[in-house]
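Asks: Compute the structure for the input listed below.
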Amino acid sequence: MTSTWQNSAWRVLIAAFLLLCSAVAQDQFTTAGGPVARPKIVRPKIVGVAHIGLNTDNMAAARQFYTGVLGFQEPFSLDKPPGEGTGLLLTYFKVNDHQYIEVFPELKDPKQDRLSHISFETTDAEQLRAYLGSRGVRVPDKLEPMLDGNRGFDVNDPDGHDVEFVQFMPGSLHSRNFGKFLADKRISQRIIHLGVVVKDRAAADHFYKDILGFHEIWHGGMTDKDIDWVDMRVPDGTDWLEYMLNVQNPDPKELGVMHHFALGVPSVQAGYEVALKRGYKPAEKPEIGRDGKWQFNLYDPNYTRVELMEPKPVQKPCCAPMLQ
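Replies: Predicted coordinates:
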């Protein structure tokens, strides 16, 4: 009798355990009141642009531009890890403690995209990975160690752009150099936005707006009736991502214009004069853009456009109000 009772008890316990596992797999529990949904994973903060990654076929020329003209120091670099070849993997040009320009010597074909990837800073990379996975975004199974000592991961947006999210960690190359390599000769102290080509705005909005929490602060176009650019601010900061719409079969030079980044400056005219004194030969002059802001376009040796931009409009923006 005792043996039969024990066997029955074990069967009940095993059945209960399997039911619990099934509830977990279905993201719900069952109580006396019926099924109860598991708490949703909350998106951690996304606070701003971390860096832009660019490809070059001439590292010496890239250094002359990013350090010689723009004044950003090169605090550290990384070599390729074992098993991936030898030589330089990338080098870093420091804008501020949390923002860099990463340059890779990986431009092998004149038709190749100069953009390697874009990156945003988050306060919790693991939680963001879990959150994106819960929203149907394909994410890595787990966080792998990053060569620079930070935590992060990459996903693809609907246009196939490599989007990285990074959490700065104690002891990383970046954190060990907080407060260092911040030369007075920097032409700017902040990357204020990144620009990428977007073919399907609705798909991009689903990813950046609906899932990640970015929100529109302005849109405009070459004419008042067109929408060629949409500025999407990060959810927990002031930086933004600019959709570059209506781009058809761009050549490498045009793609470099579209895949760009902007540096905030208090005075575009002053930045323009600094660039001239450092030997830069501009193809353009400062002008007021359709968003009502002063801007000046520079181009690195591989055509990537770098905007110097003042923070506030000096005249009424076209097409839509500028939201704060």
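Asks: Was I right to think Phe72 contacts Arg186?
Replies: Yes - if you go by C-beta atoms under 8 Å, Phe72 and Arg186 touch, sitting 6.0 Å apart. C-beta coordinates here come from the backbone N, C-alpha and C atoms, glycine included.
Asks: For the residue nearest the centre of the chain, which three-state class applies?
Replies: Residue closest to the average C-alpha location in the chain (C-alpha atoms, centre = their mean): Ser119, at 2.6 Å. When classified by DSSP: H, G, I helix; E, B strand; the rest coil, Ser119 comes out as strand.
Asks: Likewise for Thr238?
Replies: Classified using three-state DSSP, Thr238 is coil.
Asks: which stretches of the stretch 201-324 of the chain form helices?
Replies: 201-205, 252-258, 268-277 (DSSP state H, counting those that start in this stretch).
Asks: Could you break this protein into its assigned domains?
Replies: 2-36, 46-309 (automatic domain parsing).
Asks: of Phe72 and Arg186, who's got more company?
Replies: The residue with more neighbours, out of Phe72 and Arg186 and counting by other C-beta atoms under 10 Å, is Phe72; that gives 27 against 20.
Asks: Excluding covalently adjacent residues, which one is nearest to that one?
Replies: Leaving aside its sequence neighbours, Phe72 sits nearest to Phe93 (C-beta to C-beta, 6 or more residues apart in numbering; 4.1 Å).
Asks: contacting residues for the residue nearest to the centre of the chain?
Replies: Val49, Ala50, His51, Ile52, Gly53, Gly152, Val163, Glu164, Phe165, Val166 (C-beta atoms under 8 Å, 6 or more residues apart in numbering).
Asks: Which ones among these lie within helices?
Replies: Among the contacts of Ser119, DSSP state H puts none in helices.
Asks: burial measure for the residue nearest to Leu276 when sequence neighbours are not counted, as a count.
Replies: Of all residues not flanking Leu276 in the chain, Pro282 sits nearest, at 7.4 Å (C-beta to C-beta, 6+ apart). When neighbours are defined as other C-beta under 10 Å, Pro282 has 13 of them.
Asks: Which pLDDT value belongs to Pro282?
Replies: Pro282 is assigned 96 on the pLDDT scale.
Asks: And the one 3 residues further on, by the same measure?
Replies: Lys285 is assigned a predicted lDDT (pLDDT) of 97.
Asks: so it touches Gln295, yeah?
Replies: No - Lys285 is not in contact with Gln295 according to C-beta under 8 Å; the separation is 10.6 Å.
Asks: Those two: which has the busier surroundings?
Replies: The residue with more neighbours, out of Lys285 and Gln295, is Gln295; 19 against 9, by other C-beta under 10 Å.
Asks: List just the one of the helices of the stretch 201-324 of the chain that sits closest to Arg129.
Replies: helix 201-205 (20.6 Å; C-beta to C-beta).
Asks: which residues do Phe72 and Arg186 both contact?
Replies: What both Phe72 and Arg186 touch, as defined by C-beta under 8 Å, 6+ apart, is the set Val95.
Asks: Trp306 and Asp57, how far apart?
Replies: I think there's a mix-up here, since residue 306 is Val and not Trp. In this view, Val306 and Asp57 are 18 Å apart by C-beta to C-beta, to the nearest Å.
Asks: which one of these two has more residues nearby?
Replies: For Val306 versus Asp57, neighbours defined as other C-beta under 10 Å are more numerous around Val306 (24 against 16).
Asks: which ones are touching the more buried one?
Replies: Val306 neighbours (C-beta under 8 Å, 6+ apart): Leu70, His260, Phe261, Ala262, Leu263, Asn297, Leu298, Tyr299, Asp300.
Asks: now it, which residues is it bridged with?
Replies: Using DSSP bridges, the bridge partners assigned to Val306 are Phe261, Leu298.
Asks: ok so, going back, could you export the helices of the stretch 201-324 of the chain as CSV, including mean pLDDT?
Replies: Listed next are the helices of the stretch 201-324 of the chain as CSV, based on pLDDT from 0 to 100:
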stretch, mean pLDDT
helix 201-205, 98
helix 252-258, 92
helix 268-277, 98
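Asks: Lys180: which of the ones you listed is closest?
Replies: helix 268-277 (22.3 Å).
Asks: Any buried residues in that closest one, and which?
Replies: Val268, Gly271, Tyr272, Val274, Ala275 (16 or more other C-beta atoms under 10 Å).
Asks: In the protein, where is pLDDT below threshold?
Replies: 1-38 (pLDDT under 70).
Asks: 80 instead?
Replies: The chain contains residues with pLDDT under 80 at 1-39, 324.
Asks: if we can go back for a sec, looking at the contacts of Val306, which is nearest Pro140?
Replies: Phe261 (25.6 Å).
Asks: Dump stretch 182-197 to PDB, restricted to CA.
Replies: The C-alpha trace of stretch 182-197 is given here as PDB (Å, rounded to 0.1, in the frame of the first residue of the first chain):
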ATOM      1  CA  LEU A 182      39.800  65.000 -25.100                       C
ATOM      2  CA  ALA A 183      41.900  67.500 -27.000                       C
ATOM      3  CA  ASP A 184      41.000  71.200 -27.100                       C
ATOM      4  CA  LYS A 185      41.500  71.000 -30.900                       C
ATOM      5  CA  ARG A 186      38.300  68.900 -31.300                       C
ATOM      6  CA  ILE A 187      36.100  70.600 -33.800                       C
ATOM      7  CA  SER A 188      33.100  69.300 -31.900                       C
ATOM      8  CA  GLN A 189      32.400  67.500 -28.600                       C
ATOM      9  CA  ARG A 190      29.200  65.600 -29.700                       C
ATOM     10  CA  ILE A 191      27.800  63.300 -32.400                       C
ATOM     11  CA  ILE A 192      24.200  64.500 -32.600                       C
ATOM     12  CA  HIS A 193      22.900  62.300 -35.200                       C
ATOM     13  CA  LEU A 194      23.500  59.400 -37.700                       C
ATOM     14  CA  GLY A 195      21.900  59.100 -41.100                       C
ATOM     15  CA  VAL A 196      21.100  55.800 -43.000                       C
ATOM     16  CA  VAL A 197      19.200  55.000 -46.200                       C
END
